[in-house]
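Engineer: below are the sequence and a predicted model; questions follow.
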Amino acid sequence: MRVVLFLAFLCSLCCSSAQEIEDYQLVGFRSYTYNVKGEKVEKRTFDSKQKLKSFVRYIFDDNGNKIETLKYNHDTILQTRYIYIYNRENVKVRSLKLNFSKNAESSKVYIVNENDKNVRTDYFDQGGLSKYTLISYTDKGEYESRKTFNKSDDLLSNTGYKYKYENNRVSEKLRFSGEKLVSKTIYKYDEKGNKISYSIFNLSGRKSNKKRLYQYNSKGQCIGSKVYESIKL
């Protein structure tokens with residue numbers, strides 16, 4: 001029964017995507033599954049022809065913290081495992097990445113401020129520090145800047161953000177590399193406050209513009225999405 005319902009849902013996504021978006025092409029679908037607690041426990045990714053590309057499973061502890069992410073390819077072979085560690089206040093302080101396809105291991109250490117916001121992330125590869133990122137936030141808790149340095153403190157990237165709001169929700173996000181504006185993202189919501197779409201316009205011209213449309217169930221859970229990319233760069 002579950003398989004039949006899932007196929008029916010996927011078919012509904014496909015059929016609803018028949019409406020074309022000018023200068024864009026459909027490139028894929030995603031479906032999301034939840035447990036009885038309302039926690040998202042699985043994500044499946046399909047190409048435009050409904051062929052499974054990969055799927056991800058999420059594991060939670062009794063406090064609702066996501067403690068593992070398991071990524072599989074379309075042949076159900078485990079590719080990557082992420083393990084998350086929390087402190088006594090249920091704040092994530094460390095993560096471990098096991099890449100089985102590359103036989104590689106890496107980790108991150110998260111440093112938080114008094115509001116439990118991550119303000120620094122240290123990246124470790126082969127046991128040693130490889131780089132770190134410093135993060136600042138706006139008064140509303142959105143990213144204001146992300147600066148990444150190598151282990152010798154040389155600046156690798158400097159990303160800044162600016163926002164516009166409607167009804168206390170982000171309606172537009174501008175992303176800067178240094179002083180240069182590189183992308184603009186437009187968000188739309190339904191009357192219940194659910195995000196129903198976003199559109200990313202890459203102003204550098206090196207990447208395709210993207211649109212993602214979301215579908216929700218009666219519980220307000222996002223159960224699927226469709227992804228489009230621009231045909232004209």
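Structural biologist: Nice, thanks for sending it over. Numbers count the residues shown, from 1 in each chain.
Engineer: and residue 73, what is it in contact with?
Structural biologist: By CB atoms under 8 Å, 6 or more residues apart in numbering, the residues touching residue 73 are 53-54, 79. C-beta here means a position set from N, CA and C on the backbone, and glycine is covered the same way.
Engineer: name whatever forms a beta bridge with the residue most central in space within the chain.
Structural biologist: In the chain, the residue lying closest to the centroid (CA atoms, centre = their mean) is residue 43, at 11.4 Å. Beta bridges link residue 43 to residue 32, residue 56, judged by DSSP bridges.
Engineer: low-confidence regions, the chain specifically.
Structural biologist: The chain contains residues with pLDDT under 70 at 1-20, 232-233.
Engineer: about what we covered before: restricted to helices, list the contacts of residue 73.
Structural biologist: With helices defined by DSSP state H, no entry of those lies inside them.
Engineer: can you list which of those residues are found in strands?
Structural biologist: Among the contacts of residue 73, DSSP state E puts 53-54, 79 in strands.
Engineer: just the buried ones from those?
Structural biologist: residue 79 (16 or more other CB atoms under 10 Å).
Engineer: including distance to residue 106, could the ones in strands among the contacts of residue 73 go into TSV?
Structural biologist: Formatted as TSV, the ones in strands among the contacts of residue 73 follow (distance: CB to CB, whole Å):
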residue	distance to residue 106
53	24
54	20
79	14
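Engineer: closest one of the ones in strands among the contacts of residue 73 to residue 119?
Structural biologist: For the ones in strands among the contacts of residue 73, the minimum distance to residue 119 (CB to CB) is 30.7 Å, reached by residue 79.
Engineer: for the closest one, what are its contacts?
Structural biologist: Going by CB under 8 Å, 6+ apart, residue 79 touches 54, 71-73, 99-101.
Engineer: now, among the contacts of residue 73, which is nearest to residue 160?
Structural biologist: residue 54 (31.9 Å).
Engineer: quick one, what contacts that closest one?
Structural biologist: Under the criterion of CB under 8 Å, 6+ apart, the neighbours of residue 54 are 44-45, 71-74, 79.
Engineer: top of these by neighbour count?
Structural biologist: The residue in the contacts of residue 54 with the most neighbours, by other CB atoms under 10 Å, is residue 44 (20 neighbours).
Engineer: mind listing what that one touches?
Structural biologist: Taking CB under 8 Å, 6+ apart, we find residue 44 in contact with 30-31, 33, 52, 54-56.
Engineer: distance to residue 173 added to these, as a markdown table?
Structural biologist: Listed next are the contacts of residue 44 as a markdown table, based on distance: CB to CB, whole Å:
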| residue | distance to residue 173 |
| --- | --- |
| 30 | 21 |
| 31 | 26 |
| 33 | 28 |
| 52 | 31 |
| 54 | 27 |
| 55 | 28 |
| 56 | 25 |
